[in-house]
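Peer 1: how does the following fold in three dimensions:
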Amino acid sequence: MYKTIIRIYKLTAAFIIICVMGAVAFPIRVLSFGLLTNFNRKYLVNGLSRLALFLVGIRLDNSFKAQLPNTPHLITFNHNSFLDGFVLFALGLTNTRFINSERMMWLLPISVPGALSVGTLYIPPKYYPERRLKFFKKTEQRILRENVHIAASSEGSHTHVHDICEFNRGIYHMALNCKMPIVALYIHTPPASNPFSDYRYFENGTVKVELLEIIPTENWRLETLDEHVEFVRQKFVKRFNEYEELTKNGE
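Peer 2: The predicted structure follows:
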């Protein structure tokens, strides 16, 4: 009971931080006509996301220190935790557009202002194929026009489980069309620290972020896209299995 009360207090404090993030960062982006978006990404939203994670007992261990070139890259990651959004924002990625599901817009006005302050784009669900196709076409034009990286989950919107789920091909088709290399980021969230379905019951822990590989796409072909997607997925499966083995051995 005591732990539950403490957890609720921490979640309330994190909720306040999220509201502050949106209330401060979004007007900064609007009033600067977008010129301070990278300031939000690198400093303000970055720092407040780290603070929100800290308040709920999550430490971030980020070994992804690579400085990406100015040319657009697709930054993709495994996604099986509600914490992943804060983890991605806490990386301080600049010149990067984040892709999130339209389903998350029900959180307005809690988290959407903060997300929009760093240039988040909201993608329609799969059951709206025409709107989803239009989204990808517009995003491809935006990538070439703005010369930005895209950060998007390969697993898309799904039920969170401790596993590597199937990858969607849409973002890889986009990467192929825009000639973007794939930046494969692995996020390791210990199951005990992952609020799969109930925010009240999860333990303090460390979420690790590491770069698996930067995969070139210049030799990819549309007719073999599914094979390329599975090739990337196996990189994540391999690392997931390695962590599982370490856990079994008590390391």
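Peer 1: and the strands in the stretch 1-150 of the chain, which stretches?
Peer 2: 58-62, 74-77, 96-101, 121-123, 149-153 (DSSP state E, counting those that start in this stretch).
Peer 1: how much space between R50 and D61?
Peer 2: 12 Å (C-beta to C-beta, to the nearest Å). C-betas here are computed from N, CA, C, even on glycine.
Peer 1: how about A152?
Peer 2: 22 Å.
Peer 1: rebuild the strands of the stretch 1-150 of the chain as JSON lines, extending it with mean pLDDT and distance to A25.
Peer 2: Below are the strands of the stretch 1-150 of the chain laid out as JSON lines (pLDDT from 0 to 100; distance: least, C-beta to C-beta, whole Å):
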{"stretch": "strand 58-62", "mean pLDDT": "93", "distance to A25": "19"}
{"stretch": "strand 74-77", "mean pLDDT": "97", "distance to A25": "20"}
{"stretch": "strand 96-101", "mean pLDDT": "93", "distance to A25": "13"}
{"stretch": "strand 121-123", "mean pLDDT": "94", "distance to A25": "16"}
{"stretch": "strand 149-153", "mean pLDDT": "96", "distance to A25": "17"}
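Peer 1: nearest to R41, out of those?
Peer 2: strand 96-101 (6.7 Å; C-beta to C-beta).
Peer 1: tell me the buried residues in that closest one?
Peer 2: 96-100 (16 or more other C-beta atoms under 10 Å).
Peer 1: K42: which of the strands of the stretch 1-150 of the chain is closest?
Peer 2: Across those, closest to K42 is strand 96-101 (C-beta to C-beta), at 10.2 Å.
Peer 1: give me the contact list for the closest one.
Peer 2: Strand 96-101 has contacts (C-beta atoms under 8 Å, 6 or more residues apart in numbering) with 41, 75, 85, 88-89, 115, 118-123, 125, 139, 142-143, 146, 148-153, 156-157, 171.
Peer 1: can you flag the buried ones in the residues you listed?
Peer 2: For the contacts of strand 96-101, buried by 16+ other C-beta under 10 Å: 41, 75, 85, 88-89, 115, 118-123, 139, 142-143, 148-153, 156, 171.
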